[in-house]
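Visitor: structure here, sequence nowhere to be found:
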């Protein structure tokens, strides 16, 4: 009983799948290559940054031929992803990964604009809060992700109209990426868009 109670407590510290998760998973699964007929060396290598529960990474691993690495700064999320059978790594964005390692990087970042006086005092707040403009995590990600992409690699980035899609596309351009919207879904207070970023 203690184990179940503890596990339920941890779930409150981990972002669970929602509409944004499903939109990113659908877009990635429909666009990622299926891989070659050879061994593991022919399989695309995919990184999901900020995996949360591991939902998106698990969908990609199940529905494509990709080998998927799930990463998160939140140790509870890493534990939940590992419990789901994923290769899970605790990481701050892309910092521990090798140059040019990934054929694709997926990210559903924290994007809700938040008052600068708000303290990021728990893991769920960190999973949701995008800073004053909603881009406090997106901008550093865009600065760093190019380093870990293979030459033909792509990024699938979920963005919200609350964080300014045009501003994010412009920022991606400053980092050498072209952007195309490959999926979107509208809700009463925001539109979610999956951007494919490529060089």
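Guide: Here it is on my side, so go on. Predicted model only: the values in this text are computed from it and were never measured. Numbering: from 1, shown residues only.

Visitor: use CA for all of it now, contacts and neighbours both
Guide: Fine.

Visitor: how close does the nearest residue to residue 113 once chain neighbours are set aside get to residue 159?
Guide: Distances taken as C-alpha to C-alpha, 6 or more residues apart in numbering put residue 134 closest to residue 113, at 4.2 Å, once the chain neighbours are dropped. Per C-alpha to C-alpha, to the nearest Å, residue 134 is found 10 Å from residue 159.

Visitor: overlap of the contact sets of the two?
Guide: residue 111 (C-alpha atoms under 8 Å, 6 or more residues apart in numbering).

Visitor: list the contacts for the closest residue to residue 81 other than its chain neighbours?
Guide: Setting aside the residues directly before and after it, residue 81 is nearest to residue 54 in space (C-alpha to C-alpha, 6+ apart), at 4.8 Å. Residue 54 makes contacts with 70, 77, 80-81, 84, 86, as judged by C-alpha under 8 Å, 6+ apart.

Visitor: tell me which residues in stretch 19-28 are buried?
Guide: If you call a residue buried by 16 or more other C-alpha atoms under 10 Å, then stretch 19-28 has these buried ones: 20-21, 23-28.

Visitor: my guess is residue 143 is in a helix, correct?
Guide: Yes. Using DSSP: H, G, I helix; E, B strand; the rest coil, the assignment for residue 143 is a helix.

Visitor: tell me the first helix or strand C-terminal of the strand or helix carrying residue 180.
Guide: In the assignment (DSSP states H and E), residue 180 maps to strand 178-186. Following strand 178-186 in sequence order, the next helix or strand is strand 191-198 (DSSP H and E).

Visitor: show the contacting residues for the spatially most central residue of the chain.
Guide: The centre of the chain sits closest to residue 107, judged by C-alpha atoms, centre = their mean, with a distance of 1.9 Å. By C-alpha under 8 Å, 6+ apart, the contact set of residue 107 is 48-51, 155-158.

Visitor: top of those by neighbour count?
Guide: residue 51 (32 neighbours; other C-alpha atoms under 10 Å).

Visitor: how about that one, secondary structure?
Guide: From three-state DSSP, the assignment for residue 51 is coil.
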